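Colleague: just coords:
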């Protein structure tokens, strides 16, 4: 009797497996749909090894670590890797891998799934670099029409792709796995606990982190913890040097370690600058991490962030990122423990309906047909 062919999938990404939990959840969903999954990643300096990945992982070296030449040669390497490998499904994570993956799709019968975590041509880092922005818009125009299936994180980005390319994108929010959800709303803290404000995510331009640090000068009896790495980390550390006892930086940490920080925090932060549509339509991962940890949130009043926080009633939003306005909002929240308690309870209620397995039902149906 002839054995049934084991379907193979390769997930191509620039992200680090150790810090991007969505990649592991996506790999698990693809595996459950009957695929043997492998990762194709970049090899970068100061790479944190992933201890949670049970998948074969190949790291591609490039001479350059960032900038146009990095993306060009990384995508060339993706193409030559994939063209000589057998796979039934290629998963391109974000536009920065789509050129290599899409070029391979032109020569092979493999299906191509594009997982857009953000709207890349509108990320803050390139809004004042029009020639780079135009390169990404050209890449998008050339390769998105050729994808077989599209996935993204929120409705506005899906609508944008639909309008530009007549492509339907599934919405898969970065919700926690059901078995990782905690049902307790009790915060086990040290008796000498200081009110803790938490930011977790990329430490990059456009996240209102400079303003948040300056706001801490107007917030008493509180400390700020910034978890993550990025382009402006050193600049922020210098800016916070006169508040070093109250503002701490951890750098990048593996996603498995995040819960021990979130469960000790009192307020999460999701503020953004209005720089490009990617920020304006953002639905950050940290909102879902906060739901999982029953952590109240202070967010900016951009459409998707405001909708998510208010629908689940586990925090509030502000319209300005001026340091004084941020500080005023934090002080109002800090001085209202009953409201904080109510928001934590509401977050625990939201957990029962916001989980990964519920988000990927339609994607699983598509995968099973490949």
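Modeller: Received the coordinates, thanks. Computed from a predicted structure; not experimentally measured. Numbers count the residues shown, from 1 in each chain.

Colleague: Would you map the helices across the stretch 51-200 of the chain?
Modeller: In the stretch 51-200 of the chain, helices defined by DSSP state H, counting those that start in this stretch lie at 67-83, 98-105, 130-143, 155-165, listed in chain order.

Colleague: from these, which stretch is densest packed?
Modeller: Comparing the helices of the stretch 51-200 of the chain by mean neighbour count (mean count of other C-beta atoms under 10 Å), helix 98-105 ranks first with a mean of 24. For every residue, glycine as well, the C-beta is placed using N, CA and C.

Colleague: hang on, the earlier thing: any chance of the helices of the stretch 51-200 of the chain in CSV with mean pLDDT and distance to residue 223 as columns?
Modeller: CSV is the format used below for the helices of the stretch 51-200 of the chain (pLDDT from 0 to 100; distance: least, C-beta to C-beta, whole Å):
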stretch, mean pLDDT, distance to residue 223
helix 67-83, 94, 36
helix 98-105, 97, 41
helix 130-143, 94, 38
helix 155-165, 96, 35
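
Colleague: wait, which of those is closest to residue 343?
Modeller: Residue 343 lies closest, by C-beta to C-beta, to one member of the helices of the stretch 51-200 of the chain: helix 155-165, at 24.5 Å.

Colleague: What are the contacting residues of the least confident helix or strand in the chain by mean pLDDT?
Modeller: Least confident element among the helices and strands of the chain, by mean pLDDT, DSSP states H and E: helix 258-262 (a mean of 87). Identification of contacts with helix 258-262 by C-beta atoms under 8 Å, 6 or more residues apart in numbering yields 198, 200, 225, 227, 250, 253, 268, 289, 290, 292, 293, 295.

Colleague: How about the most centrally placed residue in the chain, nearest residue that isn't a chain neighbour?
Modeller: When C-alpha atoms, centre = their mean is applied to the chain, the residue found nearest the centroid is residue 285 (4.7 Å). Closest residue to residue 285 apart from its sequence neighbours, by C-beta to C-beta, 6 or more residues apart in numbering: residue 174 at 4.7 Å.

Colleague: measure that neighbour to residue 118 for me?
Modeller: 11 Å (C-beta to C-beta, to the nearest Å).

Colleague: list the residues that contact both of those two?
Modeller: In contact with both residue 174 and residue 118: residue 153, using C-beta under 8 Å, 6+ apart.

Colleague: Drop anything exposed from the contacts of helix 258-262.
Modeller: 198, 200, 225, 227, 253, 268, 289, 290, 292, 293, 295 (16 or more other C-beta atoms under 10 Å).

Colleague: rewinding a little: show me how far the least confident helix or strand of the chain is from its chain's centre.
Modeller: Here helix 258-262 shows a centroid-to-chain-centroid distance of 16 Å under the convention C-alpha atoms, centre = their mean, to the nearest Å.

Colleague: What about residue 59, how many residues nearby?
Modeller: Using other C-beta atoms under 10 Å, residue 59 has 12 other residues around it.

Colleague: and if you look at residue 353?
Modeller: Applying other C-beta under 10 Å, we find 10 other residues in the vicinity of residue 353.

Colleague: Are we agreed that it is in a helix?
Modeller: No. Looking at residue 353 with DSSP: H, G, I helix; E, B strand; the rest coil, it is coil, so not inside a helix.

Colleague: Need the phi and psi values for it.
Modeller: Backbone torsions for residue 353, taken as degrees, to the nearest 10, come to phi -120, psi -10.

Colleague: What distance do you get for it to residue 311?
Modeller: Using C-beta to C-beta, residue 353 is found at 11 Å from residue 311.

Colleague: Residue 86 too?
Modeller: 44 Å.

Colleague: do the same with residue 150
Modeller: For residue 150, the distance to residue 311 equals 25 Å [C-beta to C-beta].

Colleague: In the chain, where is pLDDT below threshold?
Modeller: Along the chain, the model assigns pLDDT under 70 to residues 1-5, 51-52, 180-191.

Colleague: try 80 this time
Modeller: For the chain, residues meeting the criterion pLDDT under 80 lie at 1-5, 44-53, 179-192.

Colleague: how about the strands in it?
Modeller: Applying DSSP state E to the chain gives strands spanning 7-13, 35-42, 56-60, 89-93, 111-116, 149-152, 169-171, 195-200, 222-227, 247-251, 267-270, 297-300, 315-318.

Colleague: Make TSV from those and add distance to residue 105 to it.
Modeller: Shown next, in TSV, are the strands of the chain (distance: least, C-beta to C-beta, whole Å):
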stretch	distance to residue 105
strand 7-13	12
strand 35-42	14
strand 56-60	18
strand 89-93	7
strand 111-116	4
strand 149-152	12
strand 169-171	17
strand 195-200	35
strand 222-227	37
strand 247-251	37
strand 267-270	35
strand 297-300	37
strand 315-318	41
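
Colleague: Bridged to residue 297, which residues?
Modeller: Going by DSSP bridges, residue 297 is paired in beta bridges with residue 268, residue 315.

Colleague: isn't it right next to residue 266, touching?
Modeller: No. Using C-beta atoms under 8 Å, residue 297 makes no contact with residue 266, being 11.1 Å away.

Colleague: For those two, indicate the residue with more neighbours.
Modeller: Shown here are residue 297 and residue 266; by other C-beta under 10 Å, residue 297 has more neighbours (26 against 21).

Colleague: contacting residues for the more buried one?
Modeller: Per C-beta under 8 Å, 6+ apart, neighbours of residue 297: 267, 268, 269, 270, 286, 287, 290, 309, 314, 315, 316.

Colleague: Tabulate the residues you listed (a markdown table), appending distance to residue 27.
Modeller: Formatted as a markdown table, those follow (distance: C-beta to C-beta, whole Å):
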| residue | distance to residue 27 |
| --- | --- |
| 267 | 32 |
| 268 | 26 |
| 269 | 29 |
| 270 | 26 |
| 286 | 21 |
| 287 | 22 |
| 290 | 24 |
| 309 | 29 |
| 314 | 29 |
| 315 | 31 |
| 316 | 35 |
